[in-house]
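Participant: Sequence plus the predicted model coming up.
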Amino acid sequence: MLPSQTRYRFSPITRRPDFCWPGGRRLALYVSLGIEEYVFGEGMTEDLFPGAPKPDDVNTSWRDYGNRVGGFRLIQRFRDLGIPSTILLNTAVYDHAPDLMDFAREAGCEIVGHGLTNSDTLVGRAPDDEAAYVKAVADRIESKEGYRPGGWSSPWLAHTDSTLDLLKEAGYRYLMDLRLDDQPVWLSTRAGPLLSIPYALELNDSSTIIGRQASATDFERMIIDEFDEMLEASNTQPLVMSIVVHSFISGQPFRLRALTRALRHIAARRDEVWITQPREIAAFIEADPSLAA
């Protein structure tokens, strides 16, 4: 046998418990919105123009657009369409764009831990330092929102060998980084199981629009095709679909228009879909852990 990861076991989707999500729905769907903050001139960045000279005011301004404009428009658009949203949050946003977080709170967004800033990475951190880091994120969210986040999504989707163990020990209940399945899956940690909720690695405006240079209409078509295919597949299996966007990418007006067309396509069939948030998916599985692989 080849070396393999040890956090989850192989389980074909054809051999899973059959069940319905709340309301008799067979497809659960959530939309997550990355709201991020970057350290000016340091660390990792998401760039529209790679290799820009320093000081990089151009890429910085593009990212800042998300927290000044795009985030507000996306959250409001989700509300208008009756789609609850989930924020993948760099907690430095509380300091740099407090009005945006007030707006998200008033809209009922779920807040998921996404690091202190998006200039950070967990890679190379010693276990004690990493433990303090993931705890600091949860502490800050609790101080602002009045609850500790159940979910975690790593900056840059990066982990160390200890990350999953440390997340569980810090009180996180579910991870939003992986797409190994179309159903929730239990991950093994030294502190007990951690739930992996399917996370869109490709239906993601960062990896697809910026990383692979897909157009806004390409992304719209991807969302619609994924939704239609998964809704059909859910006739035989309960499934989870996710869509991942970022305030400074899909918050750009021409992309927002294309994204809206895709979301309207989904909203028109809301009677067939459980449009929800990760915390509700996790709570449903936690009520009967045998439902996850």
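Facilitator: Happy to help now that I have it. Here the structure is a predicted model, which is why all the values come from computation and not from measurement.

Participant: unless I'm mixing things up, residue 71 is touching residue 37, no?
Facilitator: No: using C-beta atoms under 8 Å, residue 71 is not in contact with residue 37, being 11.3 Å away. For the C-beta atoms, the positions are set from N, CA and C on the backbone; glycine is no exception.

Participant: So for these two, which sits in the more crowded spot?
Facilitator: Set residue 71 next to residue 37 and count neighbours by other C-beta atoms under 10 Å: residue 71 wins out with 27 against 23.

Participant: helix, strand or coil for the more buried one?
Facilitator: Secondary structure, DSSP: H, G, I helix; E, B strand; the rest coil: residue 71 is helix.

Participant: Find the nearest non-adjacent residue to it, please.
Facilitator: Leaving aside its chain neighbours, residue 71 sits nearest to residue 247 (3.7 Å; criterion: C-beta to C-beta, 6 or more residues apart in numbering).

Participant: if we can go back for a sec, now for residue 71 and residue 37: what residues contact both?
Facilitator: residue 97 (C-beta atoms under 8 Å, 6 or more residues apart in numbering).

Participant: re the thing from before, help me confirm that the residue nearest to residue 71 comes into contact with residue 77.
Facilitator: No: counting by C-beta under 8 Å, residue 247 stays clear of residue 77, with 11.7 Å between them.

Participant: Between the two, tell me which one has more neighbours.
Facilitator: The residue with more neighbours, out of residue 247 and residue 77, is residue 247; 28 against 19, by other C-beta under 10 Å.

Participant: now the helices for the stretch 51-200 of the chain?
Facilitator: Ranges of helices in the stretch 51-200 of the chain, per DSSP state H, counting those that start in this stretch, are 57-65, 71-80, 93-96, 98-106, 127-145, 163-169.

Participant: Could you check how far the fifth one is from the centre of its chain?
Facilitator: Averaged C-alpha coordinates place helix 127-145 at 18 Å from its chain's average position (C-alpha atoms, centre = their mean, to the nearest Å).

Participant: One more: the second one?
Facilitator: Taking C-alpha atoms, centre = their mean, one finds the center of helix 71-80 at 16 Å from the center of the full chain.

Participant: buried residues in that helix?
Facilitator: 71-75, 77-78 (16 or more other C-beta atoms under 10 Å).

Participant: Please apply the same query to the fifth one.
Facilitator: Taking 16+ other C-beta under 10 Å as the basis for neighbour counts, the residues of helix 127-145 that come out buried are 130-131, 133-135, 137-138, 140-141, 144-145.

Participant: Now do it against helix 98-106, angle only.
Facilitator: 70 degrees (axes from the mean of the first three to the mean of the last three C-alpha atoms, to 10 degrees).

Participant: Show me the contact partners of helix 127-145.
Facilitator: Contacts of helix 127-145 (C-beta under 8 Å, 6+ apart): 89, 91, 94, 101, 105, 111, 113-116, 120, 122, 125, 147-149, 152, 160, 162-163, 166-167, 169-172.

Participant: Mind doing that once more with 7 Å?
Facilitator: 91, 94, 101, 105, 111, 113, 115-116, 122, 125, 148-149, 152, 160, 162-163, 166-167, 170-171 (C-beta atoms under 7 Å, 6 or more residues apart in numbering).

Participant: Which of those are buried? Put it as a ChimeraX command.
Facilitator: Here is the ChimeraX command that picks out the buried ones among these, judged by 16+ other C-beta under 10 Å:
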select :91,94,101,111,113,115,116,122,125,148,149,152,160,162,163,166,167,170
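
Participant: I'd like to know which of the contacts of helix 127-145 are part of strands.
Facilitator: 111, 113, 152 (DSSP state E).
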